[in-house]
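Colleague: here is a sequence with its predicted model. Questions after.
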Amino acid sequence: MDLKANHSAPVLTDPTPINKPRLGIHDSLLPVFSQGPFVTIPWKKPGVFDDVRATNWLDAMKSSSPRNITKYYGTDFSSNDADAAYRDWMLKYPSALTAFEQIANNASGKRIALFLDYDGTLSPIVDNPDHAFMSNAMRAAVRNIAKYIPTAIISGRSREKVRKFVGLKELYYAGSHGMDIMGPFRPPTDHTTNEEVKEGNLYQPASEFLPMINEVFVTLVELTKNIEGAKVENNKFCVSVHYRNVDEKSWTTVAQLVQDILKHYTRLRLTHGRMVLEVRPVLKWDKGKAVEFLLESLGLSNCDDVVPIYVGDDRTDEDAFKFLREDGRGYGILVSPAPKESNAYYSLRDPSEVMEFINLLAMYKKSVP
Ligand SMILES: O=P(O)(O)OC[C@H]1O[C@H](O[C@H]2O[C@H](CO)[C@@H](O)[C@H](O)[C@H]2O)[C@H](O)[C@@H](O)[C@@H]1O
């Protein structure tokens, strides 16, 4: 596979015959496009306007990241009931702190790879997405663990933005829910250009969608400008429409706008995050695929002596948990202050527990290299 300049950044193109491994990455890891070649597919089709209330969008919006604990449990629940429900839930998803010894025993004599989500995992959830800063203590913990084990950040945000928030160059970064991966550095060959040397090993399976995503971003900014509190974020290969600060009475309007836009773009789809609607390419590529890709790039896939660990709080992290759960590849750790069904094995309550876990892991790796 060659690195070729496209727009502002080089992307991987693929002149290699099918079935031939590319860059050491097996074909099965590369995305399957839902429809034929990009250039022949029209961007827009005539809109058919459904009522958003007839879909389950609103239910999903209401249940995504309730702002207070009574919304998790209902108003009849006392905090004692909530604690009891959480303890029950932890029987199925034990705390990764109390189960640390078990995790360490299972990883004994093996290499660990650590994958971390950003929002809600390394930084607390806040009202303004531009202010989701991680603490210096968390940054120090992540910097420290990266000395011992390969560590990657996998976020729904654009890669550039999450890298800026984290501010550590010793990590690998995957932005746009894994559609923009900066993998391990590969030594330059005689054919490597200066630009490619600068960018390292960049993999962007959705690069063809960039103009479409930009168009949708601009349209959504315009359409939502009069909805108080609505915020549209450009995450490069996906667009986030935040409704956390929108009055609940206007959620239908937000949902309807996004749904109407999607009617025009059959090759884009919607996913739900924490009080955010996310528009992204119809592409079989997600955080699970990104983990698989990074493991392969790091030379850590199909190895019995590797234990990948993924820590995340959101629905989009479930793809990564699922991938690790399959064939017992590794461990997913769900960050949640309330019970919820998950493909993870373990749980942590909030970012402060995530930091504790990372510090324990670093101590363990230091004592047992
Ligand atoms: O995959 P992640 O790193 O967890 O990114 C997912 C989305 O995170 C951000 O939104 C969420 O966090 C914000 C700040 O705490 C919060 O205000 C918002 O309600 C949450 O949905 C980010 O802004 C999105 O673009 C990401 O897709």
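Modeller: Received it, and whenever you're ready, just let me know what you need.
Colleague: what does the chain put close to the ligand?
Modeller: Listed as neighbours of the ligand in the chain under the rule CB under 6 Å from any ligand atom: 117-120, 125-127, 129, 132, 155-157, 233, 235, 240, 242, 244, 273-276, 278, 314, 316. From N, CA and C alone the C-beta is placed, and that goes for glycine too.
Colleague: so how many other residues sit close to the closest residue to the ligand within the stretch 51-200 of the chain?
Modeller: Going by CB to the nearest ligand atom, the ligand is nearest to Gly156 of the stretch 51-200 of the chain, at 2.7 Å. Residues lying near Gly156 (other CB atoms under 10 Å) number 27.
Colleague: circling back to that earlier point, so of the residues of the chain next to the ligand, which ones are in strands?
Modeller: The strands, defined by DSSP state E, take in Glu233, Ser240, His242, Gly273, Val276, Glu278 from the residues of the chain next to the ligand.
Colleague: and which of those is nearest Val354?
Modeller: Taking CB to CB as the measure, Val354 lies nearest Gly273 of these, at 18.1 Å.
Colleague: related to what we said a few turns ago, whichever of the residues of the chain next to the ligand end up buried, select them in ChimeraX.
Modeller: Buried residues within the residues of the chain next to the ligand, by 16 or more other CB atoms under 10 Å, are selected in ChimeraX with:
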select :117,118,119,120,125,129,132,155,156,157,233,235,240,242,244,273,274,275,276,278,314,316
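Colleague: can you tell me which one of the ones in strands among the residues of the chain next to the ligand sits lowest on pLDDT?
Modeller: Note: of those, the lowest pLDDT belongs to Gly273, at 92.
Colleague: beta partners for it?
Modeller: Taking DSSP bridges, one finds Val276 as the beta-bridge partners of Gly273.
Colleague: so how far is Ala152 from it?
Modeller: Distance of Gly273 to Ala152, computed by CB to CB, to the nearest Å: 20 Å.
Colleague: if we can go back for a sec, greatest separation within the ones in strands among the residues of the chain next to the ligand: which pair is it?
Modeller: The distance between the two most remote of those (CB to CB) is 10.8 Å, for Glu233 and Gly273.
Colleague: now the strands for the stretch 51-200 of the chain?
Modeller: Shown for the stretch 51-200 of the chain, the strands assigned by DSSP state E, counting those that start in this stretch span residues 111-116, 151-154, 172-175, 180-183.
Colleague: need the winner for burial among these.
Modeller: Comparing these by mean neighbour count (mean count of other CB atoms under 10 Å), strand 151-154 ranks first with a mean of 26.
Colleague: what is it packed up against?
Modeller: Helices and strands touching strand 151-154, by 3 or more CB pairs under 8 Å, 6 or more residues apart in numbering; DSSP states H and E, are strand 111-116, helix 159-166, strand 172-175, helix 287-297.
Colleague: in TSV, list the ones you listed along with mean pLDDT.
Modeller: Below are the helices and strands packed on strand 151-154 laid out as TSV (pLDDT from 0 to 100):
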stretch	mean pLDDT
strand 111-116	97
helix 159-166	97
strand 172-175	97
helix 287-297	95
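Colleague: which of the ones you listed sits closest to Leu223?
Modeller: Nearest to Leu223, of all the helices and strands packed on strand 151-154, is helix 159-166, at 22.7 Å by CB to CB.
Colleague: the closest one versus strand 111-116: what angle between them?
Modeller: Helix 159-166 and strand 111-116 meet at an angle of 100 degrees, taking axes from the mean of the first three to the mean of the last three CA atoms, to 10 degrees as the criterion.
Colleague: show me what helix 159-166 is packed up against.
Modeller: For helix 159-166, the packing partners by 3+ CB pairs under 8 Å, 6+ apart are strand 151-154, strand 172-175, strand 180-183.
Colleague: including distance to Glu228, could the ones you listed go into a markdown table?
Modeller: What follows is these, written out as a markdown table (distance: least, CB to CB, whole Å):
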| stretch | distance to Glu228 |
| --- | --- |
| strand 151-154 | 32 |
| strand 172-175 | 29 |
| strand 180-183 | 31 |
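Colleague: which one, of these, ends up nearest to Leu348?
Modeller: Evaluated with CB to CB, the helices and strands packed on helix 159-166 place strand 151-154 nearest to Leu348, the distance being 16.5 Å.
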